[in-house]
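K.L.:
Build the 3D model from these lines:
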Amino acid sequence: MSAVIRDRCTQAVVLVGGEGTRLRPITSRLPKPAAPVVSRPFVSYIMEHLARHGVRRVIFSTGYLAEAIKAVVHDGAAYGLQVEYAIEDRPLGTAGAIKNSEPYLEDGPFLALNGDVLTDVDVGALVGVHTRAAAQATIFLKSVEDPSRYGLVLIDPQGKVLQFVEKPAPDAPAPQPALINAGMYVLEPAVLDLIPAGEMFSIERGVFPVLAEKGTMYGYAPECYWRDIGTPESYLAANFDVLEGLVTTKTGQSMDTACLYRSSTASVAPSARIVPPVYLDDGVEVGEQAVVGPQVVVGAGSSIGAGACVTESVVQEDVRVGAEARLNHSVIVRRSVLGRRTRVWDAIVGEGCRVGDDNSLGRGLCLAPETVVPDGSMFYQEIGDGARSV
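P.N.:
Predicted coordinates for the structure are as follows:
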């Protein structure tokens, strides 16, 4: 059976085997694709996007916390997809993980994509470029202002990939537009022959340069939304982008014209103030004179105490934010408790933490899961552009 129908690739390999270390403690107990973005597992956005563009089958190449991925995705029926799992017994790298999925692939080309990228790229257009160029591999490219976090990809006017360049120094001149690997590819089955089975192998270093040298690799660099969620800052930004409708998602479509979603089972006190964009999930409680928003997600079963103020933050499910607490530009992972008058800014509180009353958790602080902070025992004071604990 053909895996391409009129510029539609009907099968995809999603790479979800990484440990997400840069995103801890958000990912201390959940793999990155299962972490909630606007109260839904991140991987659900990937599944919806693939289904929207005609993909029928998805193979999850996984290893780290594989059961947590299965618990979220199941058999894929909820997304109209057929799902199978290729599980690594040890890390195999990006190419090795794709090779490990080979037994599950049908004949013909297939998509391969990273499981930590939020995008609404036109997959059909990407496949169309691949088909018309008779390429062995076609890579989705994204133009960025600061390429210092990424390697660069150089293409000719026809889109043929010429060269891969290592990350430039922050102050070094970069070619314009500065195009980076956006983590989605169309691959021909012959590419799998370049990958040794059962070995750690990188598609970026071991496969793509070979194809570029042969002139059989092309790039597609559309203007579209793209963001990876690999760091706390980008994780927060992805939540805000969904809230504001900057990327096409079913969750964004559930927001009203004021960028507000309030579950029918959420309870908001009459004197509380909600400042969109805000998402209030099932069973959320917002106390008297509390202020929630802008740019706030409150997960199912969580509560915001009387007089508390929450801005630019993600409060996951079953969290308790105490009365008169202050929370800004932070992530509170599920089942945690923040005490009365506690202040948290630019910080991450891991799963199941207990932070007592009258604490101040400052910039860059990350609390590991189950951390207990007694009343009044932590105080961060800002000094210039930094913060210190006293």
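
K.L.:
Next, the buried residues of the strand or helix carrying residue 213.
P.N.:
When elements are assigned from DSSP states H and E, residue 213 belongs to helix 208-214. Of the residues in helix 208-214, 208, 211, 212 count as buried by neighbour count, 16 or more other CB atoms under 10 Å. Every C-beta, even on glycine, is put in place using the N, C-alpha and C of the backbone.

K.L.:
Distance of the residue nearest to residue 328 when sequence neighbours are not counted relative to residue 102?
P.N.:
Leaving out its chain neighbours, the residue that sits closest to residue 328 by CB to CB, 6 or more residues apart in numbering is residue 345, at 4.4 Å. Distance, residue 345 to residue 102, using CB to CB, to the nearest Å: 48 Å.

K.L.:
Repeat that for residue 135.
P.N.:
Look at residue 135 and residue 102: by CB to CB, they are 19 Å apart.

K.L.:
Helices of the chain, start to end?
P.N.:
42-52, 66-73, 93-100, 123-133, 203-206, 208-214, 232-243, 250-253 (DSSP state H).

K.L.:
quick one: low-confidence ranges for the chain?
P.N.:
Applying pLDDT under 70 to the chain flags the ranges 1-7, 18-20, 147-149, 166-176, 381-390.

K.L.:
Can you tell me the centre-most residue of it?
P.N.:
Computing the C-alpha centroid of the chain and ranking residues by CA atoms, centre = their mean puts residue 229 first, at 3.4 Å.

K.L.:
Check this structure for its longest strand and report it.
P.N.:
Across the chain, the longest stretch assigned as strand under DSSP state E is strand 179-187.

K.L.:
number of nearby residues for residue 314?
P.N.:
Residue 314 has 31 neighbours, counted by other CB atoms under 10 Å.

K.L.:
Report the contact partners of it.
P.N.:
Residue 314 makes contact with 36, 235, 236, 239, 296, 297, 299, 330, 331, 332 under the criterion CB atoms under 8 Å, 6 or more residues apart in numbering.

K.L.:
repeat that for 10 Å
P.N.:
Residues near residue 314 by CB atoms under 10 Å, 6 or more residues apart in numbering: 26, 35-39, 232, 235-236, 238-240, 279, 295-299, 327, 329-333, 348.

K.L.:
follow-up on the earlier one: out of the helices of the chain, nearest to residue 155?
P.N.:
If you check each of the helices of the chain against residue 155 by CB to CB, helix 208-214 wins as the nearest, at 9.5 Å.

K.L.:
The closest one packs against which elements?
P.N.:
strand 137-143, strand 152-155, strand 161-165, strand 179-187, strand 217-220 (3 or more CB pairs under 10 Å, 6 or more residues apart in numbering; DSSP states H and E).

K.L.:
between these, which one is nearest to residue 274?
P.N.:
Nearest to residue 274, of the helices and strands packed on helix 208-214 and by CB to CB, is strand 137-143 at 33.9 Å.

K.L.:
Buried residues, the closest one. List them.
P.N.:
Neighbour-count burial for strand 137-143 [16+ other CB under 10 Å]: 137, 138, 139, 140, 141, 142.

K.L.:
Taking strand 161-165 as reference, get the angle to that strand.
P.N.:
Angle, strand 137-143 to strand 161-165, by axes from the mean of the first three to the mean of the last three CA atoms, to 10 degrees: 60 degrees.

K.L.:
Centre of the chain to strand 137-143, how far?
P.N.:
What separates the centre of strand 137-143 from the centre of its chain is 18 Å, taken as CA atoms, centre = their mean, to the nearest Å.

K.L.:
most packed of the helices of the chain?
P.N.:
When you average the neighbours per residue for each of the helices of the chain (mean count of other CB atoms under 10 Å), helix 93-100 leads with a mean of 24.

K.L.:
Please provide the alpha-carbon coordinates for it, formatted as PDB.
P.N.:
As requested, the backbone C-alpha atoms of helix 93-100 are provided in PDB (Å, rounded to 0.1, in the frame of the first residue of the first chain):
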ATOM      1  CA  GLY A  93      19.800   8.800  18.900                       C
ATOM      2  CA  THR A  94      17.600  10.400  16.300                       C
ATOM      3  CA  ALA A  95      18.600   8.200  13.400                       C
ATOM      4  CA  GLY A  96      18.800   5.000  15.500                       C
ATOM      5  CA  ALA A  97      15.300   5.700  16.800                       C
ATOM      6  CA  ILE A  98      13.900   6.000  13.300                       C
ATOM      7  CA  LYS A  99      15.700   2.800  12.200                       C
ATOM      8  CA  ASN A 100      14.200   1.000  15.200                       C
END
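
K.L.:
That helix relative to strand 179-187, how many degrees between them?
P.N.:
Going by the same axes, to 10 degrees, helix 93-100 makes 10 degrees with strand 179-187.

K.L.:
who does helix 93-100 touch, helix- and strand-wise?
P.N.:
Using 3+ CB pairs under 10 Å, 6+ apart: helix 93-100 touches strand 11-15, strand 57-62, strand 82-87, strand 110-114, strand 179-187, helix 203-206.

K.L.:
Columns distance to residue 314 on top of these, output as CSV?
P.N.:
What follows is the helices and strands packed on helix 93-100, written out as CSV (distance: least, CB to CB, whole Å):
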stretch, distance to residue 314
strand 11-15, 23
strand 57-62, 24
strand 82-87, 27
strand 110-114, 21
strand 179-187, 23
helix 203-206, 30
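
K.L.:
Am I right that residue 132 is in contact with residue 186?
P.N.:
No: if you go by CB atoms under 10 Å, residue 132 and residue 186 don't touch, sitting 11.6 Å apart.

K.L.:
joint contacts of these two?
P.N.:
138, 218.
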